[in-house]
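Novice: Here is a sequence together with a model predicted from it:
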Amino acid sequence: MEQFLKDELLVLLEKARAGNATGDDYSRIAAIINTDQTGELIAEADNFLAQESDVPSKHIEPYNYDYWQRAFLEIKQTWQQQNAQPAKVHHLFIKRYWWVAAASILLIASAGTYFLTKTTAPQPVAAAPYKILPGKDGAILTLADGSQVLLDSIQNGVVAQQAGTTAKIVNGTLIYEGIGSAVEYNVMSTPKARKFHLILPDGTNAWLNSASSIKYPTVFTGNERKVTITGEVYFEVAHNEKMPFRLNVNNQAQIEVLGTHFNVKAYDDEPSMKVTLLEGSVRIGRRQTANGRQESVILKPGEQLSIPQSPDSYRGHLSQTSQASHPIPVQTDGVMAWKNGVFDFNDIGFQDAMAQLERWYDIEVVYENGIPTNVELNGKMTKDITLNDLVGILEKIGVKCRLEGRKLLIQS
């Protein structure tokens, strides 16, 4: 079970319990539950709501009747598959799974007796195909005290006050104001199907792609600015010659800059991390040569450095045998496509393209007959289309595939 999904689910459930959840929040809860293959997420939700008995009635947004009817059935069926005693499942739905009840009042009123108390299998419900929507802006902010704030639906307003600093959302971007009296650390994480823009306390801009995180202090002190990231983040670093900006990537690579624009892609399920420079210069680790001298690997604008992600290949320096010793020129438009709301499938492998879909649509790609070797994807498309529409495009270009829930099955 991914920790991102667990954290996001708990934050959403807290909003629902307080009666502040939106229609999008309920939709996201259903989507998370539907991804559960082991029963862990449903068990987590059940534990969270074990003491709940009242259904909140305020702040419930209008809902899509057909969608929630399907979602209700899918959640129920998923739970049944993980539980050997179906009768208890129905009891738990009545008593605890009120986030569905809150967003499906008509459904429960008209068909609740059948769906919630009948022990036999429900009859199929005729409904439109389940639409998997594209990702959107959103993130989870973990404060110094461990509390979490869901940023998905906040467009403007104060998020938190910590030791003299104020974290607030301005036009969808998280910023920090004030001079802190103590150094405290925040962590922003973007689950799958989410991205977010953050301005660090020093004025540095950071854009997080899906399934990424950044840890940083609420105020920078001393002689350096140090942050830690995972996943993919694009930086526009505020210039400060007296306080270099140092980036720890996956606890495997160290990047040092003064003021520059660069992108780091370092997903832990990929064989290498990639650092791409757009403007300025960056120094990455230190490479040890055959004669024992230490040399920095320095990038120029338009260059990219690939660093193998293995336990011993990179720990703040590059060994002589590492394959990360030579920067190469790249088309930066392709690297930055994700930030600009575009899928760019030019010059990448089929599996890399599918990995982008997994993160942006929060799905699992399954290769039924192995990874296709005779399919080449080329071109660009905007990321604001549903996965269903994108699957239709794939089929037109010869990719045999189909959707089953939140799984994209690739047949050839």
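Specialist: In hand now; what should we look at?
Novice: Now do the helices in the protein.
Specialist: For the chain, the helices defined by DSSP state H occupy 3-17, 23-34, 40-48, 65-82, 86-95, 98-103, 105-117, 332-335, 350-361, 387-396.
Novice: For the stretch 151-300 of the chain, give me the ranges with low pLDDT.
Specialist: 286-295 (pLDDT under 70).
Novice: Start and end of stretch 254-261, how far apart?
Specialist: With Cα to Cα, to the nearest Å as the measure, stretch 254-261 spans 16 Å from end to end.
Novice: Same check on stretch 210-227?
Specialist: 18 Å.
Novice: list the buried ones in stretch 247-263?
Specialist: 247-250, 252-263 (16 or more other Cβ atoms under 10 Å). Any C-beta I mention is one placed from the backbone N, CA and C, and that applies to glycine too.
Novice: brain fart, stretch 165-181
Specialist: Burial within stretch 165-181, assessed by neighbour count using 16+ other Cβ under 10 Å, is assigned to 165, 167-169, 173-176, 180.
Novice: got it, and stretch 397-409?
Specialist: 399, 401, 403, 406, 408.
Novice: quick revisit: go through the buried residues of stretch 247-263 and name the one nearest H326.
Specialist: A253 (15.8 Å; Cβ to Cβ).
Novice: coming back round to it: would a markdown table of the buried residues of stretch 397-409 with pLDDT and distance to L141 be doable?
Specialist: Shown next, in a markdown table, are the buried residues of stretch 397-409 (pLDDT from 0 to 100; distance: Cβ to Cβ, whole Å):
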| residue | pLDDT | distance to L141 |
| --- | --- | --- |
| V399 | 91 | 38 |
| C401 | 94 | 36 |
| L403 | 94 | 32 |
| R406 | 92 | 26 |
| L408 | 96 | 30 |
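Novice: Of all pairs in those, which one spans the longest distance?
Specialist: V399 and R406 (18.2 Å).
Novice: before we move on, back to that, make CSV from the buried residues of stretch 397-409 and add distance to A31 to it.
Specialist: Shown next, in CSV, are the buried residues of stretch 397-409 (distance: Cβ to Cβ, whole Å):
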residue, distance to A31
V399, 24
C401, 20
L403, 14
R406, 7
L408, 15
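Novice: Which of these fall within strands?
Specialist: 401, 403, 408 (DSSP state E).
Novice: For R402, which non-adjacent residue is closest in space?
Specialist: L409 (5.3 Å; Cβ to Cβ, 6 or more residues apart in numbering).
Novice: mind checking how far M336 is from E364?
Specialist: 26 Å (Cβ to Cβ, to the nearest Å).
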